[in-house]
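Participant: sharing a model that was predicted from the sequence below.
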Amino acid sequence: MADKPAIPGAGSAVAEKLERLGLRREADLVFHLPLRYEDETRLTTIRDALPGVPAQFEVEVISCEVAYRPRRQLVAKVRDDSGMLVLRFLNFYPSQQKALQAGARLRVFGEVRGGFFGSEIIHPRFHAVHESEPLPQGLTPVYPTTAGLGQATLRKLIDRALEHVPLDDTLPEDLRRRLTLPELAASVRTLHHPPPDISLEQLETRGHPAWRRVAFDELLAQQLSLRRAHALRRQRGAPVLAPGGRLCDALLAQLPFRLTGAQQRVWREIAADIEAPHPMQRLLQGDVGSGKTVIAALAMLRAVDNGYQAALMAPTEILAEQHYRKLSQWLQPLGLEVAWLSGSQKKRERSAWLEKVGAGDTALVVGTHALIEEGVEFANLGLAIVDEQHRFGVKQRLALKRKGMGADARRAAPSASSPPVGGSEPTLRAWGANTVPHQLTMSATPIPRTLAMSYYADLDVSVIDELPPGRTPVLTKLVSDTRREEVIARVRDACAAGRQAYWVCPLIEESEALQLKTAQETFEHLTAELPGLRIGLVHGRLKAEEKAAVMAAFVANEVQLLVATTVIEVGVDVPNATLMVIEHAERFGLAQLHQLRGRVGRGSFDSACILLYAQPLGETARARLKIIFENSDGFEISRQDLHLRGPGEFIGARQSGLPMLRYADLEDSALVEQARTAAEELLRGDPVIVRSHLERWLGGRGDLLGA
Ligand code: ADP
Ligand code: MG
């Protein structure tokens, strides 16, 4: 189906460029909507042109030549009755040069500016006209394009597509009316060819009902595809992890604390999922320190109680090790051994664990991504938990995804339930044909609600929205780095009072080597400034056991001040640490700052987070610091972050394969909600509609539906 010449009228060179825009079928062209519009319904005389205001002129070419200074460029002189104008092209095609021959009549569109040799337009759009050719009646669409694909070509292809491609409504009439959405065909035509009397402002701000209709359809396609993927995965089998065993209760009885209400609620949600004979697909969200680990432990014990294995995977050694220690501490008293797999461990140790895991002698496995490498075989994995999965690199995530299901499962799976569209989270190796382990993903980066509702629609979400009692609010201070000495004095005081501190070195994204050097220098500088203090340094290049040694020393208060690169961002839990200093805080993202700040305030002592910044601050950096200063709630920070950055980076962190929304704006949560409800309705009762809607929106990108 994908192989037939997809876009009539487009030769292979054009087709290749269209492909770059994601346009593979004629039907895709119809939904390639204008970026903006230009008013070509009027002509301006050269004399009346205002600098910087887009305008249209009708001119005759006087001369045209290729100039070589200061660089190769095409320069055409043109005139109308009122004056002269230079058209300048720094990049040009032979076809353009040909069209600009002396004597040619053109309509030229662009912004005039004063050049050295008089008025000029750089890279104007233009086309040849006959004498007395009528002006267009409506606004001219300007489409997103790519190098070498002109507006005229795009416009011609799109107009042709508009004639051929059926635009009948996929929305049932009653649904459409209920949502007061205009018809699709009319909406699409309006957006490509706005009538003369339309409000340009409504069009350009996308407030026009026609845009709303398109945005809705796009959101609906996203919902249908992700919810359907969810439903398909649910058709697979998974081990029933029933309640009634002794281990969960034993753990709860032995914990030094009681679960918070929120923890109890999410545990009920998870427990209900894994008791079903279908795989759980759940995302557990909870702010830093909200206590996700104990929930993971409970779920793992439920698996063990039912005779299955459970695995917990974390993105960094430090984080994985922290989990390993915590779980061992909790579970050893229950007579359970925890297996440990990491990239840096000795071969002998690794193969010993692998053997036990493969034989089913060890039920609980914790590790880094070493857990999903070649050669790791589980005897009967029933539950796979991935912590902070957004921190896995793109490559690792792809590798995880490929690991997706065990080869057996893949072979035995009916094609309909091939691994899901877009939103799949990593799965560990399955243990039987067409049966997959339950899956839980944990994240401390709160995902704003509309984002969770849209891009994450293939997952069920549980939220721990309450911190354990006894946490002290963290005082946040913004301090210019010219006052570094005061901050150092503050560290001295905190440590003198028996507390501990973190000093986070600047993030240097361009160069890991430079980052390392800075960390080293900071360490030396602080060591000189703070004689008598026990100071440790931890960074990404340390060997795993060196890292572990420094961390252990910090946990034991043998190290009072821990100088660190961002490796401590997640997973460190030292209640006695009360001071967090972050250098060049303006370089960090909001999620990172929030995570780092969450490392303190875990005990009963007053805690502070000092954000050192360097002047001058850029606009975004200033906005970020203001947000982190004013807010302590991770969800609110995240919501404002989404507003600041748009969904791209949140999603980028999730998975590169997800189709981005082009037209829908997630700030319009009402529309997202409506699309979600509509999708549920349609998925329940209208398979034909579902299919044709998905075909229309995603059919051209087969990888989304088939992958
Ligand atoms: P995160 O959600 O960031 O992974 P952790 O699971 O590491 O949080 O929990 C943070 C700390 O809070 C740990 O020391 C943990 O033992 C403790 N904790 C978890 N739940 C509770 C609770 N209900 N009451 C008191 N402390 C708790
Ligand atoms: Mg955690």
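Facilitator: Sure thing, it's come through. Numbers count the residues shown, from 1 in each chain. Ligands and ions are numbered 1, 2, ... in the order given.
Participant: domains in this structure, as residue ranges please.
Facilitator: Domain assignment of the chain by automatic domain parsing yields the ranges 42-135, 247-464, 474-631.
Participant: which stretch among those comes nearest residue 202?
Facilitator: Nearest to residue 202, of all the domains of the chain, is domain 42-135, at 19.0 Å by C-beta to C-beta. (C-beta placed from N, C-alpha, C; glycine too.)
Participant: for that closest one, the averaged confidence score.
Facilitator: Taken as a whole, domain 42-135 has an average pLDDT of 91.
Participant: what about that domain, how long is it end to end?
Facilitator: End-to-end span of domain 42-135 (C-alpha to C-alpha, to the nearest Å): 7 Å.
Participant: ramachandran angles for residue 282?
Facilitator: phi -130, psi 140 (degrees, to the nearest 10).
Participant: which ones are touching the residue nearest to it when sequence neighbours are not counted?
Facilitator: Using C-beta to C-beta, 6 or more residues apart in numbering and skipping the chain neighbours, the partner closest in space to residue 282 is residue 460 (4.7 Å). Residue 460 makes contact with 269, 273, 280, 281, 282, 283 under the criterion C-beta atoms under 8 Å, 6 or more residues apart in numbering.
Participant: spell out which parts of the protein neighbour ligand 1.
Facilitator: Residues of the chain lying near ligand 1 by C-beta under 6 Å from any ligand atom: 257-260, 263, 286, 288-294, 444, 468, 573.
Participant: correct me, but residue 548 touches residue 321?
Facilitator: Yes. With contacts counted by C-beta atoms under 8 Å, residue 548 reaches residue 321, the gap being 6.1 Å.
Participant: residues near the residue in the stretch 1-150 of the chain that ligand 1 sits nearest to, how many?
Facilitator: Closest residue of the stretch 1-150 of the chain to ligand 1, C-beta to the nearest ligand atom: residue 22 (38.3 Å). A count of nearby residues for residue 22, using other C-beta atoms under 10 Å, gives 15.
Participant: element containing the single nearest residue of the stretch 351-500 of the chain relative to ligand 1?
Facilitator: Nearest residue of the stretch 351-500 of the chain to ligand 1 (C-beta to the nearest ligand atom) works out as residue 468 at 3.2 Å. Using DSSP states H and E, residue 468 maps to neither a helix nor a strand.
Participant: quick one: it from residue 227, how far?
Facilitator: Taking C-beta to C-beta, to the nearest Å as the measure, residue 468 falls 34 Å from residue 227.
Participant: ok, now residue 368?
Facilitator: 32 Å.
Participant: which of these two has more residues huddled nearby?
Facilitator: Neighbour totals were compared for residue 368 and residue 227, and residue 368 leads with 25 against 20 (other C-beta under 10 Å).
Participant: gap between that one and residue 288?
Facilitator: Residue 368 is 20 Å from residue 288, where distance means C-beta to C-beta.
Participant: hang on, the earlier thing: most neighbours of all the contacts of residue 460, which one?
Facilitator: residue 280 (26 neighbours).
Participant: check contacts around it.
Facilitator: Counting by C-beta under 8 Å, 6+ apart, residue 280 touches 238, 270, 273, 274, 438, 439, 440, 460.
Participant: may I see these organised as CSV, with distance to residue 303, secondary structure and pLDDT added?
Facilitator: Shown next, in CSV, are these (distance: C-beta to C-beta, whole Å; DSSP: H, G, I helix; E, B strand; the rest coil; pLDDT from 0 to 100):
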residue, distance to residue 303, secondary structure, pLDDT
238, 11, coil, 91
270, 11, helix, 98
273, 12, helix, 96
274, 8, helix, 96
438, 8, strand, 93
439, 12, strand, 90
440, 11, strand, 93
460, 18, strand, 90
